[in-house]
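Asks: coordinates for the following, if possible.
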Amino acid sequence: MTYSSTILCRVHGTDRPGITAGLMAVLAESGAELYDVQQVVVRGRLTLDILFTAPEGRSTVKDLLFYGWQAGLDIDFEVVDTAPTPPQTTAAVTIVGQSIGPAAFGAAAGAVAEAGANIERIVRIARYPVVAYELIVSNGDLDRLRENLMQAGQEHRFDVAVQEESLERRLKRMVVIDVDSTLIQDEVIDLLAEAAGVAEEVKAITDQAMEGEVEFAEALRRRVALLGGLDVDVVTRIAREVRLTPGARTLIRTLKRMGMKIAIVSGGFSHVTDFLASELGVDHAVANVLEVADGKLTGGLVGEVVDRAGKARILKEIAEKEGIPLEQVVAVGDGANDLDMLALAGLGIAFNARSTVREKADAALNVPYLDALLFMLGIPRKEVEAEEVGPVPVPGLPPV
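Replies: Alright, predicted model coming up:
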């Protein structure tokens, strides 16, 4: 059978059930070969592209036009090059902001173009509590693309993640979350110091650690020593009074519905992480253990200190225990002691972090909602809001 030129059919109109089925019926009746189909609906308006070839001598185009007239659709055609499309590298770009207007979106698009990449598809995945879009882009230099978009994001106040579009990106299986100032809004050591009446002394040591004058492990031991004599019941009470970051429950509930493993790893204390693990239903919780004798803190720690290197080691150990490759792990944190953990994971996200952490992480979120992390995983808001009980569909895969 001899075929005519390859034709791109573009359909516009009010969306309703049955349009695609009707068009395919026309093509099937004419014996056409189907090469590609892409569709998008915006506010009830359909744009559908169909790439096909039809046997010579058949009235395929006329039949499609007649169907469009009957269905109230606008249809036009274009003869296109039949040469196969060369292999392309693709990346998923996620932009997140309190609002994203034309200037911000234009800056993102310009950053993509300046890196030699082309936008293939744009999908809005959330409009509240933040606005989020996912752009699938082809070609271009990935490092340059990330650098350009980070700069545009700083100028126009949006967050961005650039990830190679691969199966691993769509199949994240575990999320490891820092606790103080990430999962919760508080710094527990400061709350304990306030209760023990040593807030100023603890703050001075913390400032030294932040300036790099004292290593984290030494600073932690010195601060904990100042807590000696504090009644353990006070520690238990404070652990139950910590404030979750907005969106934390939504994030963990959604991840659990997706069947993902969740770990919280903290340079803080097990009194807090054990309570949060029970309250939120996370799978793993690891933190420093305060030594207790006769119902009071001794001012010492039990076991190894969970520091920067320790967090990365714990992430690796949990992943190995669960049989999950590191490429399928997401790590989230805000401090310098999270950097090794963020670097080890397949995707490291800095959450409301200092600039030194943001610059080294794969992605950064600077909005006050922890569940915005879901958008960087490609999970649309409608799936987060789903009322039915059951697993959340993983983007790119059929429902379980």
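Asks: got the domain boundaries for the chain?
Replies: The chain resolves into domains spanning 7-79, 90-165, 175-384 when parsed by automatic domain parsing.
Asks: using JSON lines, lay out the ones you listed together with mean neighbour count.
Replies: Every residue, glycine included, has its C-beta placed from N, CA and C. Putting the domains of the chain into JSON lines (neighbours: other CB atoms under 10 Å) gives the following:
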{"stretch": "domain 7-79", "mean neighbour count": "15"}
{"stretch": "domain 90-165", "mean neighbour count": "18"}
{"stretch": "domain 175-384", "mean neighbour count": "19"}
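Asks: adding mean pLDDT, write those out as TSV.
Replies: What follows is the domains of the chain, written out as TSV (pLDDT from 0 to 100):
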stretch	mean pLDDT
domain 7-79	91
domain 90-165	91
domain 175-384	93
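Asks: helices of the stretch 51-200 of the chain, start to end?
Replies: 60-71, 102-114, 142-156, 167-170, 188-196, 199-210 (DSSP state H, counting those that start in this stretch).
Asks: got it, and the stretch 201-350 of the chain?
Replies: Taking DSSP H, counting those that start in this stretch, the helices of the stretch 201-350 of the chain run over residues 216-225, 232-241, 248-257, 270-280, 308-322, 339-344.
Asks: and of those helices, who's closest to residue 365?
Replies: The closest of the helices of the stretch 201-350 of the chain to residue 365 is helix 248-257. By CB to CB, the value is 11.3 Å.
Asks: run the angle between that closest one and helix 270-280 for me.
Replies: 60 degrees (axes from the mean of the first three to the mean of the last three CA atoms, to 10 degrees).
Asks: what's helix 248-257 packed up against?
Replies: strand 261-269, helix 270-280, helix 373-376, helix 381-384 (3 or more CB pairs under 8 Å, 6 or more residues apart in numbering; DSSP states H and E).
Asks: next one: residue 17 from residue 41, what distance?
Replies: Distance of residue 17 to residue 41, computed by CB to CB, to the nearest Å: 12 Å.
Asks: ditto for residue 283
Replies: 38 Å.
Asks: circling back to that earlier point, just put the helices of the stretch 51-200 of the chain in TSV and tack on distance to residue 354.
Replies: Compiled in TSV, the helices of the stretch 51-200 of the chain are given as follows (distance: least, CB to CB, whole Å):
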stretch	distance to residue 354
helix 60-71	57
helix 102-114	23
helix 142-156	14
helix 167-170	26
helix 188-196	17
helix 199-210	9
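Asks: out of those, nearest to residue 307?
Replies: Using CB to CB, the helices of the stretch 51-200 of the chain put helix 199-210 closest to residue 307, at 10.6 Å.
Asks: chain center to the closest one, what's the gap?
Replies: For helix 199-210, the separation from the chain centroid amounts to 33 Å (computed by CA atoms, centre = their mean, to the nearest Å).
Asks: just want the angle from it to helix 188-196.
Replies: 160 degrees.
Asks: so what touches helix 199-210?
Replies: Identification of contacts with helix 199-210 by CB atoms under 8 Å, 6 or more residues apart in numbering yields 189, 190, 193, 214, 215, 216, 219, 222, 223, 226.
Asks: for the first one, what are its contacts?
Replies: In this case it means residue 189. Listed by CB under 8 Å, 6+ apart, the contact set of residue 189 reads 180, 202, 206, 220, 223, 268, 269.
Asks: ok, now with 6 Å
Replies: Taking CB atoms under 6 Å, 6 or more residues apart in numbering, we find residue 189 in contact with residue 223.
Asks: ditto for residue 342
Replies: Residues counted as contacts of residue 342 (CB under 6 Å, 6+ apart) are 331, 348, 361.
Asks: out of the residues you listed, which are inside strands?
Replies: Assigned to strands by DSSP state E, the following of the contacts of residue 342 qualify: 331, 348.
Asks: what is the nearest of the contacts of helix 199-210 to residue 46?
Replies: Closest approach between the contacts of helix 199-210 and residue 46, by CB to CB: residue 190, at 55.1 Å.
Asks: how far away is that closest one from residue 178?
Replies: Distance of residue 190 to residue 178, computed by CB to CB: 16 Å.
Asks: now swap in residue 60 and tell me
Replies: In this view, residue 60 and residue 178 are 59 Å apart by CB to CB.
Asks: residue 309 now?
Replies: Distance from residue 309 to residue 178, by CB to CB: 15 Å.
Asks: most distant residue from the middle of the chain?
Replies: Within the chain, the residue lying farthest from the chain centre (CA atoms, centre = their mean) is residue 57, at 51.2 Å.
Asks: isn't residue 104 right up against residue 156?
Replies: Yes. Contact criterion CB atoms under 6 Å: residue 104 and residue 156 qualify, at 4.0 Å.
Asks: nearest residue to residue 345 other than its sequence neighbours?
Replies: residue 331 (3.7 Å; CB to CB, 6 or more residues apart in numbering).
Asks: contacts only, for the one you found.
Replies: By CB under 6 Å, 6+ apart, residue 331 lies in contact with 176, 341, 342, 345, 348.
Asks: try residue 341
Replies: Listed by CB under 6 Å, 6+ apart, the contact set of residue 341 reads 311, 312, 315, 331.
Asks: relative to residue 237, which of these is nearest.
Replies: residue 311 (26.6 Å).
Asks: against residue 234, how distant is the closest one?
Replies: Separation of residue 311 from residue 234 (CB to CB) stands at 27 Å.
Asks: next one: residue 48
Replies: Residue 48 is 64 Å from residue 234, by CB to CB.
Asks: residue 10 against residue 77, yeah?
Replies: No. Using CB under 6 Å, residue 10 makes no contact with residue 77, being 7.5 Å away.
Asks: from memory residue 365 sits against residue 352, does it?
Replies: No. Using CB under 6 Å, residue 365 makes no contact with residue 352, being 7.0 Å away.
Asks: rewinding a little: which one among the contacts of residue 331 gets closest to residue 119?
Replies: residue 348 (25.1 Å).
Asks: got the contact list for the residue positioned nearest the centre of the chain?
Replies: Centrality entry for the chain: nearest residue to the mean C-alpha point is residue 376, 2.4 Å, by CA atoms, centre = their mean. By CB under 6 Å, 6+ apart, the residues touching residue 376 are 94, 161, 363.
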